[in-house]
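Undergrad: Okay, sequence plus prediction incoming.
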There are 2 protein chains.
Amino acid sequence: MDKAADLDYLRDYNDALVVAIARRTDVFDRATIAAGTGLTPQAVSKVIARLLAAGLVEPDGVRRQGVGKPTSVYHLVPDSRYAIGAHVARRTLRLVLTDLAGEVLQTILTPLPEDFTPQRLLDDLADGVAALSGGCRAGRLVGVGIGMVGPLDHAEGVVRDAHRLRHWHDVPLRDLAAERLGIPVLMDKDVTAGVTAEAWRRGTEFRDAVLIMVESGIGAGLWLGGGAYRGAHTNAGEFGHMVVQLDGPRCVCGRRGCLEIVHDQARARGDVDAAARVLAVGVVNLLQAIDVDHVVLAGADLLPHADAYLDAVRSAVRDEVPRVDWLTAEVTTSALGTDVIAAGAAMQVLNEKYGPLTSPRQAAHV
Amino acid sequence: MDKAADLDYLRDYNDALVVAIARRTDVFDRATIAAGTGLTPQAVSKVIARLLAAGLVEPDGVRRQGVGKPTSVYHLVPDSRYAIGAHVARRTLRLVLTDLAGEVLQTILTPLPEDFTPQRLLDDLADGVAALSGGCRAGRLVGVGIGMVGPLDHAEGVVRDAHRLRHWHDVPLRDLAAERLGIPVLMDKDVTAGVTAEAWRRGTEFRDAVLIMVESGIGAGLWLGGGAYRGAHTNAGEFGHMVVQLDGPRCVCGRRGCLEIVHDQARARGDVDAAARVLAVGVVNLLQAIDVDHVVLAGADLLPHADAYLDAVRSAVRDEVPRVDWLTAEVTTSALGTDVIAAGAAMQVLNEKYGPLTSPRQAAHV
DNA sequence: GCGTATTACGCAACAGCGTTGCTATTCTAG
DNA sequence: CTAGAATAGCAACGCTGTTGCGTAATACGC
């Protein structure tokens, strides 16, 4: 049975709404927020008072705009909160420190041995978090996010069977890390973390989006209706295992003609353009299925050839989507580059605490 | 800028939550709801008082359960509210009258002439609605829902280019119908309406689902995270235009090897089983992409061969989805049969007013 | 230079939400 | 018949956003 909403939810929701606005404007004022949110100016004053008390925003003087008392303006305090994000890949652990505005302040890249164990990861994670914590004032570190290859169970915080990692079956990584680090930890699929990074930085017009990641496999992070979408079993976005050629080559997953195997074969023979065109067909398939208007390309196997992939996907979106005048979709790479997953893991922590809640159900497990 | 939440939203949310519970239990009591929702028993009493005043629920005596004062129990009053749903297909207009519980009480099937005009549809709609309104007590008809072939714009209520209907370009059908009928009207894609019917009848465990419709084209209605998902331009679910064979036959949409053209060619040569297997590949593709745990099959071209399609999809889900022990997905047809779209259109009206809101944003446009 | 209109801010009172404290009611068990 | 237990509901409460209204600070007209 779903959870009911109470006054705490109401307050948190509206506070988060104002933080979301503050995050993407240099300065903001009472009247603008009141007009945009439908709150009364007086209610906005109360929200701002709470945010001032929490240190999340601070006054930015006044703005004279014609006749009348000047408007008080405020701005976000980016370094009022920090989060650390971890991107656990098959051979590397990438850690980043980000602030409330979603800027990456510091990065640590640690190589991981082949078939590393959970214990080894926890050790490296603890070392890295200790090193990065030095960069932020006491009490301002909100938590640590982990972006990990799947399959995993987001609700339980358990890694089910990390792809091609022997020691990773049913590992309750989230709780293990929280215990080891002594601060709140979130864990999610790498691609879902990645798309959260874009969403946190780009704001509320970024409502329906997908992040395509090509990096030892092809996956997609889904951001639907203004929130991360993970599916019924945290398995959404297994984009690479869509069949695009019924009689195609056998894939590791057991099916024939998966996008991933067709793509990888083209890459294996050195034909990046052909690989990009195959990926583009998959992207258009995804647009047909879920109609997002933002596509972000990412991943260590894609970014070195970003131009080729961008060209292929953009022209497919332009030429293969019917009524493209109306069904526009922007195709970009992430400004965060190879940090996008780790940064997104960090921003999931910020989003959990300071981001716009989409339902009381979400609020319940904070 | 998103809308803020206020006390009205809080009240409506919790009221809707209790209605949702009432809808799928014979009787309910205060303590059970309190435990399930996290509300205090006293708060539940206030909610029930409001629902009693609105006539949505009524007392159902008491239940003795051991020692202590007997529990007061209540039940939903199905005929306290009605809605009418319309399924506009290429050659037929199907109208149904449903009650608050989602039961179909009456059906009217009207043939439509080839290339019917908006005016003609409005006339037939008005006649049908007048006929069905007789079946419900005054003031209890909440509104009319229209499920229509796309593409259309749900937010604006405008039919963009109904497939293979000449007179349907940029027709503001929702507002035209509302003016003509004098009651609130909603309009949505047929498949989205269809999946809403299943959701309204099956309750909150039905959080991530897809309704596959094979009926002069192949489409999918998406229900993600407990609400209808329409995408950025109301174009989600164009499932039939996913490429499943890179070098396949040319489709009407301009691409090669779309699911729809491959499927239709198999049907054209009378091979229902092959067609069903192709559809099944598409369904597994969709499961990989969005990881839903309910698949509902529907549509006039599918239901006559429901067993073949159920078999094919079920075995594909069983054999082609990795870790199927964990990634379970139930595959069924709808109990509503050919009424599912029209009934769903009606239930969208009920859902808008009495269904669980997922965010204040949704509440804003009620 | 000065009064006035204009714009913005914020205190105080308010309605309505869920919560808490407590009393009344109604049953079973002994 | 009494004690104990479970439920219902009244009343007061804290907190939310809202409303009414007084105050502060500016530009503009005279």
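TA: Ah, there it is.

Undergrad: going forward, measure contacts between C-alpha atoms and count neighbours the same way
TA: Noted.

Undergrad: List phi and psi for residue A:220.
TA: Note on residue A:220: backbone dihedrals following degrees, to the nearest 10 are phi -130, psi 130.

Undergrad: And the helices in the stretch 101-250 of chain A, which stretches?
TA: For the stretch 101-250 of chain A, the helices defined by DSSP state H, counting those that start in this stretch cover A:118-133, A:173-181, A:190-202.

Undergrad: quick one: the shortest one to helix A:118-133, angle?
TA: So that's helix A:173-181. Taking axes from the mean of the first three to the mean of the last three Cα atoms, to 10 degrees, one finds helix A:173-181 and helix A:118-133 inclined to each other by 60 degrees.

Undergrad: Just say which of the helices of the stretch 101-250 of chain A is most tucked in.
TA: helix A:190-202 (a mean of 27; mean count of other Cα atoms under 10 Å in any protein chain shown).

Undergrad: Just send the helices of the stretch 101-250 of chain A back as a markdown table, with distance to residue A:301 too.
TA: Shown next, in a markdown table, are those (distance: least, Cα to Cα, whole Å):
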| stretch | distance to residue A:301 |
| --- | --- |
| helix A:118-133 | 23 |
| helix A:173-181 | 26 |
| helix A:190-202 | 14 |
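
Undergrad: Let me know which of those is the nearest to residue A:280.
TA: Closest of these to residue A:280 is helix A:190-202, at 17.7 Å (criterion: Cα to Cα).

Undergrad: and that closest one, anywhere near chain B?
TA: No - using Cα under 8 Å from any Cα of the partner chain, helix A:190-202 stays clear of chain B, with a minimum separation of 12.3 Å.

Undergrad: Tell me who's in contact with residue A:314.
TA: A:280, A:331 (Cα atoms under 8 Å, 6 or more residues apart in numbering or on different chains).

Undergrad: Under a three-state scheme, what state does it occupy?
TA: Of the three states, residue A:314 takes helix under DSSP: H, G, I helix; E, B strand; the rest coil.

Undergrad: Domains in chain A, by residue range?
TA: Annotated domains of chain A cover A:7-76, A:81-194+A:340-357, A:202-339 [automatic domain parsing].

Undergrad: circling back to that earlier point, okay, the helices of the stretch 101-250 of chain A in CSV with mean pLDDT next?
TA: Below are those laid out as CSV (pLDDT from 0 to 100):
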stretch, mean pLDDT
helix A:118-133, 96
helix A:173-181, 97
helix A:190-202, 96
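
Undergrad: what's the closest of these to DNA strand D?
TA: Among the helices of the stretch 101-250 of chain A, helix A:190-202 comes nearest to DNA strand D, with 22.0 Å by Cα to the nearest atom of the strand.

Undergrad: for that closest one, the distance to its chain's centre please.
TA: Taking Cα atoms, centre = their mean, to the nearest Å, one finds helix A:190-202 lying 2 Å from the centre of the chain it belongs to.

Undergrad: With just CA atoms, put that helix into CSV.
TA: Taking C-alpha atoms only, helix A:190-202 is exported to CSV below (Å, rounded to 0.1, in the frame of the first residue of the first chain):
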residue,chain,number,x,y,z
ASP,A,190,25.9,3.2,-13.8
VAL,A,191,23.7,4.5,-16.7
THR,A,192,21.0,5.7,-14.3
ALA,A,193,23.5,7.6,-12.3
GLY,A,194,24.8,9.1,-15.5
VAL,A,195,21.5,10.4,-16.7
THR,A,196,20.9,11.8,-13.2
ALA,A,197,24.0,13.9,-13.6
GLU,A,198,22.6,15.5,-16.8
ALA,A,199,19.2,16.1,-15.2
TRP,A,200,20.7,17.7,-12.0
ARG,A,201,22.7,20.1,-14.1
ARG,A,202,20.2,20.9,-16.8
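
Undergrad: if we can go back for a sec, and of the domains of chain A, who's closest to residue B:93?
TA: It is, among the domains of chain A and with distance given as Cα to Cα, domain A:202-339, at 26.6 Å.

Undergrad: how about the domains of chain A, which one is nearest residue B:262?
TA: Closest among the domains of chain A, using Cα to Cα: domain A:202-339, at 10.1 Å.

Undergrad: Give the burial count for residue A:255, as a bare number.
TA: 21 (other Cα atoms under 10 Å in any protein chain shown).

Undergrad: what's the neighbour count on the nearest residue to it once chain neighbours are set aside?
TA: Nearest in space to residue A:255, with sequence neighbours left out and distances taken as Cα to Cα, 6 or more residues apart in numbering or on different chains, is residue B:320 at 6.3 Å. Residue B:320: 18 surrounding residues under other Cα under 10 Å.

Undergrad: And residue A:166, by the same measure?
TA: 12.

Undergrad: Identify the residues contacting it.
TA: Residue A:166 sits in contact with residue A:115, where contact means Cα under 8 Å, 6+ apart.

Undergrad: The residue of the stretch 101-250 of chain A found nearest DNA strand C and residue A:22, how far apart?
TA: Nearest residue of the stretch 101-250 of chain A to DNA strand C: residue A:101, at 23.1 Å (Cα to the nearest atom of the strand). Residue A:101 sits 9 Å away from residue A:22, going by Cα to Cα, to the nearest Å.

Undergrad: Over to residue A:205?
TA: Per Cα to Cα, residue A:205 is found 15 Å from residue A:22.

Undergrad: coming back round to it: list the residues that contact both of residue A:101 and residue A:22?
TA: Contacts common to residue A:101 and residue A:22, judged by Cα under 8 Å, 6+ apart, are residue A:76.

Undergrad: okay, residue A:205 and residue A:22: which has more neighbours?
TA: Legend: neighbour count by other Cα under 10 Å for residue A:205 and residue A:22, higher for residue A:22 (21 against 12).

Undergrad: Tell me what the closest residue to the more buried one other than its chain neighbours is bridged to.
TA: Residue nearest to residue A:22 in three dimensions, not counting chain neighbours: residue A:76, with 5.6 Å by Cα to Cα, 6+ apart. In this structure, residue A:76 bridges to residue A:57 when assessed by DSSP bridges.

Undergrad: how far off helix B:272-290 does the lengthiest helix in chain A point, in degrees?
TA: In terms of residue count, the longest helix belonging to chain A (DSSP state H) is helix A:272-290. Using the same axes, to 10 degrees, the direction of helix A:272-290 lies 100 degrees away from that of helix B:272-290.

Undergrad: circling back: quick check, pLDDT for the residue nearest to residue A:22.
TA: In this prediction, residue A:76 carries a pLDDT score of 97.

Undergrad: ok, now residue A:163?
TA: pLDDT, read off for residue A:163, is 81.

Undergrad: Can you report phi and psi for it?
TA: When read as degrees, to the nearest 10, the backbone of residue A:163 gives phi -50, psi 120.

Undergrad: And for the one 5 residues further on?
TA: Here is the backbone geometry of residue A:168 (degrees, to the nearest 10): phi -120, psi 80.
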